[in-house]
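S.K.: Build me a structure from this.
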Amino acid sequence: MRKSRDRVGANRRIAFDTAGCASTHGKEAEPLSAMRFRHFLIVLAICALVACGGGGSSTPPLPEPPPVQQPPPDPPADPPTDPPTDPPTDPPTDPPTDPPTDPPTDPPTDPEPPDGSTAWTPNVFLPHATFAAQCENPRSGTDPETGRPWRDIQGSTLDENNWLRSWSHHLYLWYDEIVDRDPGLYPTRDYFDLLRTEELTPSGNPKDRFHFTYTTEEWNRLAQSGVSAGYGVEWALVSRAPPRHIVVAYTSPDTPATRAPANLARGAVLLEVDGMDVATTADVDALNAGLFPDDAGETHTFRIRDAGGTTSREVTLRSEFVTLEPVQHVKTIDTPTGRVGYIFFSDHIATSEPALIEAIDELATARIDDLVLDLRYNGGGYLYIASELAYMIAGPVPTAGRSFEEIQFNDKHPVTNPVTGRPITPLEFLSEAIGDTEYRGQRLPTLNLPRVFVLTGRGTCSASESIMNGLRGVDVEVIQIGGTTCGKPYGFYPADNCGTTYFSIQFRGVNARGFGDYADGFSASNEIGRPGTSVPGCAVGDDFDRPLGDSEEGRLAAALAYRVDGTCPSPPASTVLRSYPAAGAAAAAPTALFPATDSVLIRSPLRENRWLDEWQ
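M.R.: Numbering: from 1, shown residues only. Model prediction:
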């Protein structure tokens with residue numbers, strides 16, 4: 001049998017402006033022939049960074065997607081005819097009802113203008129197929145996905161905008177909250193940015209934080225590849241604004257970062273890149289070039305201070321294509337109150353399936369009493385792997401006949417998937433391995449645990465949140481230790497038109513109890529302010545001073561303590577004084593404020609998505 005491999009590197013950029021703001025941008029990746037973009041349903045996972053400077057706007061503290069230009073002010077002559085309606089105030093409490101015996105095979109069509117014209121009539125929409133592939137600048141040549149010529153014909157910006165308007169009205173989850181504006185008044189990119197809700201979540205964040213575009217060429221390359229160049233180190237951005245602060249979050253074994261003489265390890269502070277001061281440099285292009293090489297074989301020099309050290313050292317790294325180790329530090333911890341298993345799980349990629357099976361089998365053999373699942377940096381990936389892992393934790397009894405996750409579209413499409421035309425069916429808790437590995441078709445091992453401790457942070461996203469939500473849906477107790485998760489219950493089918501691929505929220509995922517409203521993430525019950533859905537547990541900052549899997553590391557130590565008596569350490573404040581002196585300087589009194597609770601990992605969008613395979 002074939003054993004799949006995922007090679008994923010640091011194919012992402014972190015862009016700092018003069019004030020130190022950071023964002024990630026999609027960029028081209030090497031093709032991976034085994035992965036076909038149209039065979040997957042990409043579920044959103046790309047988040048916005050905190051805005052820099054005035055205005056008082058609030059965006060979530062996570063890497064943002066490729067930028068979409070901000071729209072110009074609404075033309076005064078075109079006020080909205082109908083204000084957006086309020087979203088439902090209460091999430092559903094009952095599981096979805098059974099579909100009718102004869103579900104509709106075709107999605108409903110929108111009413112057409114009485115005269116059949118394409119002129120803008122407020123709140124009247126032609127089918128989006130009417131305008132598809134009518135382009136201001138039609139593509140020539142062959143579509144690499146189909147091997148056939150592009151369907152593009154000569155059209156106009158208005159045609160492209162009309163396609164966006166009708167497509168959004170048909171599929172957007174909150175279509176009735178879009179203000180219907182004249183498509184003839186805006187450039188296409190600006191118009192797309194207006195085709196989303198303006199409502200806010202209870203915490204004050206934008207309800208829709210996941211609205212973006214790629215060029216189709218760029219997205220296809222990215223979606224078809226898990227491969228790019230890097231060093232095998234994951235950088236954690238603790239502070240965006242000067243003085244910036246970047247540390248090593250974790251590394252992959254047998255990579256340039258971990259081989260001698262570099263020997264990089266968690267907690268090492270990055271001081272200089274190619275002679276530039278990380279904290280203050282304005283040359284962000286050069287900083288990016290060093291942190292995130294474009295190709296294998298590039299050499300860059302870094303000055304770092306190891307965790308707990310007082311002096312700095314210089315290391316030179318040569319980039320190469322890196323194979324991720326998504327499951328690490330599997331171990332058992334003997335305590336006076338029982339044996340505890342620990343797994344660090346970083347990516348829902350194909351190679352994680354056999355690694356997780358082997359890890360669970362090892363812990364089952366050890367007869368553990370509790371499990372600590374470390375998802376603090378897991379941005380998501382294949383949803384089938386999340387389902388398999390949830391089943392292996394809970395076992396067959398609570399999951400029998402229950403759904404792991406079901407997707408729900410807008411109220412026009414309660415029964416039939418409007419994109420595929422197939423009936424909407426839930427994803428079950430998978431009891432057999434389905435990946436293309438040596439375990440395919442084999443029964444999964446189980447721990448049969450009534451509860452699980454999950455270590456979380458702002459990097460816990462999408463499929464990782466589905467593990468938490470799916471288990472909660474079948475009454476397995478989830479105890480959260482760490483920071484608020486990123487909040488990504490929503491998804492989309494990427495859609496190409498005229499050379500741009502659009503990402504617009506089209507559905508949400510709900511568990512067996514019909515719950516999926518965690519747009520502000522999940523928060524431990526004692527977190528100050530509790531911005532997300534409250535889950536029993538403790539808010540604990542990320543401890544970069546100790547290795548992952550160390551029983552004294554802050555989050556793992558808190559989980560071990562909570563399982564004894566249900567108590568938590570004092571929750572961290574939003575900021576804490578810490579000292580990060582300049583390169584070459586000795587440790588000094590605290591000089592800057594840095595977040596006490598979390599950091600942001602800079603990753604490719606491929607590693608911050610929830611994917612459904614084509615059969616789901």
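S.K.: ok, and the closest non-adjacent residue to residue 366?
M.R.: Distances taken as C-beta to C-beta, 6 or more residues apart in numbering place residue 332 nearest to residue 366, at 4.8 Å, with adjacent residues excluded. (Glycine included, C-beta is placed from N, CA and C.)
S.K.: check contacts around the one you found.
M.R.: Going by C-beta atoms under 8 Å, 6 or more residues apart in numbering, residue 332 touches 339, 340, 341, 342, 363, 366, 368.
S.K.: Using the three-state scheme, assign the third one.
M.R.: The three-state label for residue 341, taken from DSSP: H, G, I helix; E, B strand; the rest coil, comes out as strand.
S.K.: Likewise for the fifth one?
M.R.: Applying three-state DSSP to residue 363 yields a three-state assignment of helix.
S.K.: Which residue lies closest in space to it, excluding its sequence neighbours?
M.R.: Once flanking residues are discounted, residue 363 sits nearest to residue 341: 3.9 Å by C-beta to C-beta, 6+ apart.
S.K.: The one you found against residue 374, yeah?
M.R.: No: counting by C-beta atoms under 8 Å, residue 341 does not reach residue 374; the two are 11.0 Å apart.
S.K.: Could you pull up the contacting residues of residue 155?
M.R.: By C-beta under 8 Å, 6+ apart, residue 155 lies in contact with 131, 133, 134, 135, 136, 138, 498.
S.K.: Kindly report the same for residue 526.
M.R.: Taking C-beta under 8 Å, 6+ apart, we find residue 526 in contact with 537, 538, 539, 568, 571.
S.K.: Now do the buried residues in stretch 432-447.
M.R.: Residues of stretch 432-447 classed as buried by neighbour count (16 or more other C-beta atoms under 10 Å): 433, 434, 435, 437, 439, 444, 445, 446, 447.
S.K.: Residue 429 versus the fourth one, what's the distance?
M.R.: Residue 437 sits at a distance of 19 Å from residue 429 (criterion: C-beta to C-beta, to the nearest Å).
S.K.: Enumerate every residue touching the residue nearest to residue 363.
M.R.: Contacts for residue 341 (C-beta under 8 Å, 6+ apart) come out as 330, 331, 332, 333, 363, 366, 368, 370, 371, 372, 447.
S.K.: Which ones among the residues you listed lie within strands?
M.R.: Among these, DSSP state E puts 330, 331, 332, 333, 370, 371, 372 in strands.
S.K.: returning to what we had before: let me have the buried residues of stretch 432-447 in a markdown table, adding distance to residue 251, pLDDT and secondary structure as columns.
M.R.: Supplementary listing: these in a markdown table, determined by distance: C-beta to C-beta, whole Å; pLDDT from 0 to 100; DSSP: H, G, I helix; E, B strand; the rest coil:
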| residue | distance to residue 251 | pLDDT | secondary structure |
| --- | --- | --- | --- |
| 433 | 28 | 97 | coil |
| 434 | 30 | 94 | coil |
| 435 | 25 | 91 | coil |
| 437 | 24 | 91 | coil |
| 439 | 27 | 96 | coil |
| 444 | 29 | 98 | coil |
| 445 | 28 | 98 | coil |
| 446 | 31 | 98 | coil |
| 447 | 28 | 98 | coil |
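S.K.: sorry, back to before: can you say which two of the contacts of residue 155 are spatially most distant?
M.R.: 131 and 138 (13.4 Å; C-beta to C-beta).
S.K.: ok, now how distant is residue 483 from residue 188?
M.R.: Using C-beta to C-beta, we find residue 483 at a distance of 38 Å from residue 188.
S.K.: who's more crowded, those two?
M.R.: Using other C-beta atoms under 10 Å as the criterion, residue 483 and residue 188 rank with residue 483 on top: 31 against 23.
S.K.: Could you measure from the more buried one over to residue 390?
M.R.: Distance of residue 483 to residue 390, given as C-beta to C-beta: 21 Å.
S.K.: Residue 231 now?
M.R.: Distance, residue 231 to residue 390, using C-beta to C-beta: 33 Å.
S.K.: Mind checking which of those two has more residues around it?
M.R.: Per other C-beta under 10 Å, whichever of residue 231 and residue 390 has more neighbours is residue 231, with 29 against 24.
S.K.: List the residues that contact the more buried one.
M.R.: Residue 231 makes contacts with 10, 255, 256, 257, 264, 293, 317, 319, 320, 322, as judged by C-beta under 8 Å, 6+ apart.
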